[in-house]
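Undergrad: quick check, what structure comes out for this input:
(2 chains)
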Amino acid sequence: DVKVTQSSRYLVKRTGEKVFLECVQDMDHENMFWYRQDPGLGLRLIYFSYDVKMKEKGDIPEGYSVSREKKERFSLILESASTNQTSMYLCASRGQGGSYGYTFGSGTRLTVV
Amino acid sequence: QKEVEQNSGPLSVPEGAIASLNCTYSDRGSQSFFWYRQYSGKSPELIMFIYSNGDKEDGRFTAQLNKASQYVSLLIRDSQPSDSATYLCAVRDYGQNFVFGPGTRLSVLP
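TA: Coordinates of the predicted model:
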């Protein structure tokens, strides 16, 4: 069964901390994505990657960076966590081709205090 | 700015009825269309995709696409309480990214 695994289900961090969210997929997918989901705002794209060492900004990249050193792993980094980054973070991957949907990880609920 | 719109709901239907969920999109270049179901506190899971005009059926689910009207819908026949969730419409253009709608919350009443 296809899997996208996010390293943590719940995280609590302090303001100003550097935070790493890890995502690993076992489907050999080229495309990986980081979203955040907030009530009333829906899913918003933070960053995405089409290939190893490649990254593109999404709609809300400010305050975030990403790393993709290996095809299966896509990391989201909060350089200096702030309370407005408290959210549900969802990683997704997708194969090439029009019929492929996203496969989502189980999500990381991050609280910044 | 590409947009995908859905009624936020909640849409309430009695058990056994047909639930009809609607989605409109702004980009005429959109290529394929996906419906996701998201239970509270869980991540979205793919239930249907469609890319040709017309209907596509999978069990109790039917996706309908009308590209001229820029409209896609999801019908759920014989609705069950376990279908109660938020349904997200997602639209893909020529690239690899999707644009998601805000979701419609469906409540199936026993």
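Undergrad: from now on I want contacts and neighbour counts done on CA atoms only, so please keep to that.
TA: Noted.
Undergrad: ok, the residue in chain B that chain A sits nearest to to A:Gly40 distance?
TA: The nearest approach of chain B to chain A comes at B:Pro102, 4.8 Å away (Cα to the nearest Cα). Taking Cα to Cα, to the nearest Å as the measure, B:Pro102 falls 7 Å from A:Gly40.
Undergrad: neighbour count for these two, which is higher?
TA: Set B:Pro102 next to A:Gly40 and count neighbours by other Cα atoms under 10 Å in any protein chain shown: B:Pro102 wins out with 24 against 9.
Undergrad: how about that one: what's its closest non-neighbour residue?
TA: Once flanking residues are discounted, B:Pro102 sits nearest to A:Gly42: 4.8 Å by Cα to Cα, 6 or more residues apart in numbering or on different chains.
Undergrad: residue closest to the middle of chain A?
TA: Centroid-nearest residue in chain A, with Cα atoms, centre = their mean: A:Trp34, separated by 2.8 Å.
Undergrad: what does the model give the residue nearest to B:Pro102 for pLDDT?
TA: A:Gly42 carries a pLDDT value of 86.
Undergrad: quick one: residues contacting it.
TA: B:100-103 (Cα atoms under 8 Å, 6 or more residues apart in numbering or on different chains).
Undergrad: can you give me the end-to-end span of stretch A:81-89?
TA: Calculated as Cα to Cα, the first-to-last residue distance of stretch A:81-89 is 14 Å.
Undergrad: still on that earlier bit, mind checking the SS state of the residue nearest to the centre of chain A?
TA: Under the three-state scheme (DSSP: H, G, I helix; E, B strand; the rest coil), A:Trp34 adopts strand.
Undergrad: measure it to chain B for me?
TA: Between A:Trp34 and chain B the distance is 11 Å, computed by Cα to the nearest Cα, to the nearest Å.
Undergrad: enumerate the residues of chain B near chain A.
TA: B:31-32, B:34, B:42-46, B:49-51, B:96, B:100-103 (Cα under 8 Å from any Cα of the partner chain).
Undergrad: and those, which is closest to A:Ile60?
TA: Taking Cα to Cα as the measure, A:Ile60 lies nearest B:Phe100 of those, at 14.4 Å.
Undergrad: count of neighbours near the closest one?
TA: Burial of B:Phe100 is recorded as 25 neighbouring residues (other Cα under 10 Å).
Undergrad: who does it bridge with?
TA: Taking DSSP bridges as the rule, B:Phe100 bridges to B:Ala90.
Undergrad: how about the residue nearest to the centre of chain A, nearest residue that isn't a chain neighbour?
TA: Spatial nearest neighbour of A:Trp34, chain neighbours left out: A:Cys91 (4.6 Å); criterion: Cα to Cα, 6+ apart.
Undergrad: in chain A, which residue sits closest to chain B?
TA: As assessed by Cα to the nearest Cα, chain B sits closest to A:Gly42 within chain A, at 4.8 Å.
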